[in-house]
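Chemist: when you get a sec, could you give me coordinates for this:
(4 chains)
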Protein chains: 2
Amino acid sequence: MAGKRVFPRSLQYLLAIAEHGSFTRAAEALRVSQPSLSQQIKQLEESLQSPLFSRSGRTVRLTNAGEIYIRHARRARGELEAGRRAVHDVQNLSRGSLRLGWTPITDYLTCSLLEDFNSRYPGITLKTLEMPQGDLEVAVAEDSIDVGIAFGKPFSGESPSSEIQTDLLFEETLCLAVGNAHPRAGQQVRMSVQEFGRESLALLNTNFAMRHHIDQYCLEHRIAPNVAIESNSLNVIIEMIQFGPLATVVPKSIVRTQCGLYSINLSPEMPRKAIILFYRNVGYMSPAVLAFSRLASDWSVRRLTQTPIRKRRPCPLAEAP
Amino acid sequence: MAGKRVFPRSLQYLLAIAEHGSFTRAAEALRVSQPSLSQQIKQLEESLQSPLFSRSGRTVRLTNAGEIYIRHARRARGELEAGRRAVHDVQNLSRGSLRLGWTPITDYLTCSLLEDFNSRYPGITLKTLEMPQGDLEVAVAEDSIDVGIAFGKPFSGESPSSEIQTDLLFEETLCLAVGNAHPRAGQQVRMSVQEFGRESLALLNTNFAMRHHIDQYCLEHRIAPNVAIESNSLNVIIEMIQFGPLATVVPKSIVRTQCGLYSINLSPEMPRKAIILFYRNVGYMSPAVLAFSRLASDWSVRRLTQTPIRKRRPCPLAEAP
DNA sequence: TAAACTTATAGGAATTTCCTATGGCTGGAA
DNA sequence: TTCCAGCCATAGGAAATTCCTATAAGTTTA
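Modeler: Numbering: from 1, shown residues only, chains lettered A, B, ... in the order given. As a prediction, the model looks like this:
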């Protein structure tokens, strides 16, 4: 079935004849009749407008042109063979690439997933691209990225889009986060909504979906958040919080991975939001995407059961170009 | 007729589709029907056991495997195109090689022919091989050299061998040669055979055809040559002659090209011997051989009319490996 | 929902490749 | 010299492949 080779017959014959030094022996080796070789070589010679073999008497020898041409033919064969192996490697996940899009918030939460993927499939180049959450959906749909990782309910738009597969990675609760210097640092009791309204906050700006969740929570509980600083960089906000009197709202997991941050639960709790993985589910799916989604579901299970938290700075992969 | 391209259809289609981003447009550009492309690509994908294009909706895009494979396909196409050009170059004499066999005597006489050839066809590699005259015939017949240059009547053997073409380059008279220090240096009058018999000679050994000519001459005139030194290197002999009292017998032209040598004609004259070019004339003849024989006949005509003699040391080409 | 557009499929036509049989030529053996 | 064995070329029909027309199935746009 798949035994069809793409390398041209004429060149295959050329190489065989040169190797065996004889049409007849080459024909035997190739399991075809000798006239087939004569014909193919004749056509090739006509195509190149030059004899490739010097036939005189009982011996067949490459001409000067033949010697030169055969080198190129060999290299062409090598290229096609290498191409075949390379495709095979992609299927085996020992090569390839995967383009990942995520938001500046989710990168804090799923960086270790990328590390796992990279150590499991070191041959696959990971290309990560940070972008606003709204763009992720578009990017996946138009195939400019392979997979997206989003925070909060995705695809809030009109189309439920059966073409896009979404997998739940885990759920996350938003909480108030403060630094060492904050008077509430280490507080165990829940904070009321009213108290929350009085905190000076450093928040992501309204381009971010997470901010909308926060604003929505405030609206529902009829308070106005006291926003001292807005930024489009979560990094900046965390730096601000860490050693100052301001507070912010982030997923609880982020607090656990950052040194010098303390979480304070609210009462009533902020809504739980899902971290989800999504990718195109129509037509061809690359082995890398399948492998990533498989690994991600393992990873989310492990995360829920074991929750091995390492305190650290943001993962460097998240800042790669 | 010669419009047949060797590059596989399937790859040609693959590249066209990738370039146009569409089966339909590629089919238009290639002037074939669109189903042909579908079919070829399908077969290629089956052969590689991997999809190469991601078809979803109205857009066609290379898969990861496709992107990787197409690079190799492009390189293979480049190789075959380069091979085609290279063969063309050989036909145009802008590339190729020519293997020349000659004897240690003829190299002194035809070195400038090689220089002419090299300056006329600088892309053709000249490979010269010195060998005994008897071997030249065999080497040409079995195609281990392309052309031979011999001194004296060639192919004295049984077969007139209609397969070998021989061209006369020029005729050459043997003469006595002496150096500066020799008492006869500069003598204009002819030397008798008896006087010749009394000269102390440095001669090539009997492996050389020229030596046989000399011995034959002596035999015919009933003298015994007075051989002081034998050598298998003409170079050695000329060095010996140049500053000492010995004499030797060489073609007259050699004397004219060597500093400090003087020629003395014999009476009766030694027989004129031909310098000839010979090469296989059956089956395929490489453009380089044809060009060499063409140039050689020009060169021999020019040599006879103009005879531009340059005094110099032996041509370095003659000593090339 | 219809119209426009794109790729896939099916089946027969056209082309190419292949095989058998044979011819011509060369080189070695009788 | 003559014959025979070995090798490549040629011819013509068989087999396989490629190609084309017609059409289906699907998506996108109006």
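
Chemist: please verify my assumption that A:Asn278 contacts A:Glu163.
Modeler: Just so we're on the same page, residue A:278 is Phe rather than Asn. No: if you go by CB atoms under 8 Å, A:Phe278 and A:Glu163 don't touch, sitting 10.4 Å apart. C-beta here means a position set from N, CA and C on the backbone, and glycine is covered the same way.

Chemist: host element of the residue nearest to A:Leu52 when sequence neighbours are not counted?
Modeler: Excluding the flanking residues, the one nearest A:Leu52 by CB to CB, 6 or more residues apart in numbering or on different chains is A:Gly66, at 3.6 Å. A:Gly66 belongs to helix A:64-91 when assigned by DSSP states H and E.

Chemist: centre of chain A to the edge, which residue is at the far end?
Modeler: A:Gly57 (62.8 Å; CA atoms, centre = their mean).

Chemist: who in the stretch 1-150 of chain A is up against DNA strand D?
Modeler: The stretch 1-150 of chain A has residues A:4, A:22-25, A:34-35, A:37-39, A:41-42, A:53, A:55, A:58, A:60 near DNA strand D, with proximity defined as CB under 7 Å from any atom of the strand.

Chemist: report the two of the residues you listed separated the most.
Modeler: Using CB to CB, these reach their maximum pairwise distance at A:Lys4 and A:Arg58, which is 35.2 Å.

Chemist: who has more neighbours, those two?
Modeler: The residue with more neighbours, out of A:Lys4 and A:Arg58 and counting by other CB atoms under 10 Å in any protein chain shown, is A:Lys4; that gives 10 against 6.

Chemist: SS state for that one?
Modeler: coil (DSSP: H, G, I helix; E, B strand; the rest coil).

Chemist: and for the residue lying closest to it once chain neighbours are set aside, the neighbour number?
Modeler: Leaving out its chain neighbours, the residue that sits closest to A:Lys4 by CB to CB, 6+ apart is B:Ser47, at 4.9 Å. If you count neighbours by other CB under 10 Å, B:Ser47 ends up with 17.

Chemist: distance check, A:Ile229 against A:Ala247.
Modeler: 11 Å (CB to CB, to the nearest Å).

Chemist: quickly list what A:Thr248 is bridged to.
Modeler: Per DSSP bridges, the residues bridged to A:Thr248 are A:Ala177.

Chemist: pull the contacting residues for it.
Modeler: Neighbouring residues of A:Thr248 by CB atoms under 8 Å, 6 or more residues apart in numbering or on different chains: A:176-177, A:201-203, A:237-238, A:240-241.

Chemist: swap the cut-off to 6 Å and go again
Modeler: Shown in contact with A:Thr248 (CB atoms under 6 Å, 6 or more residues apart in numbering or on different chains): A:177, A:202, A:237, A:241.

Chemist: which of the residues of the stretch 1-150 of chain A next to DNA strand D fall in helices?
Modeler: Residues of these located in helices (DSSP state H): A:23-25, A:34-35, A:37-39, A:41-42.

Chemist: near chain B at all, the helix or strand hosting A:Asp298?
Modeler: Assigned by DSSP H and E, A:Asp298 belongs to helix A:287-305. No: legend: contact between helix A:287-305 and chain B by CB under 6 Å from any CB of the partner chain is lacking; minimum distance shown is 6.6 Å.

Chemist: any low-confidence regions in chain A?
Modeler: A:1-3, A:152-162, A:283, A:306-321 (pLDDT under 70).

Chemist: with that, I have no additional questions.
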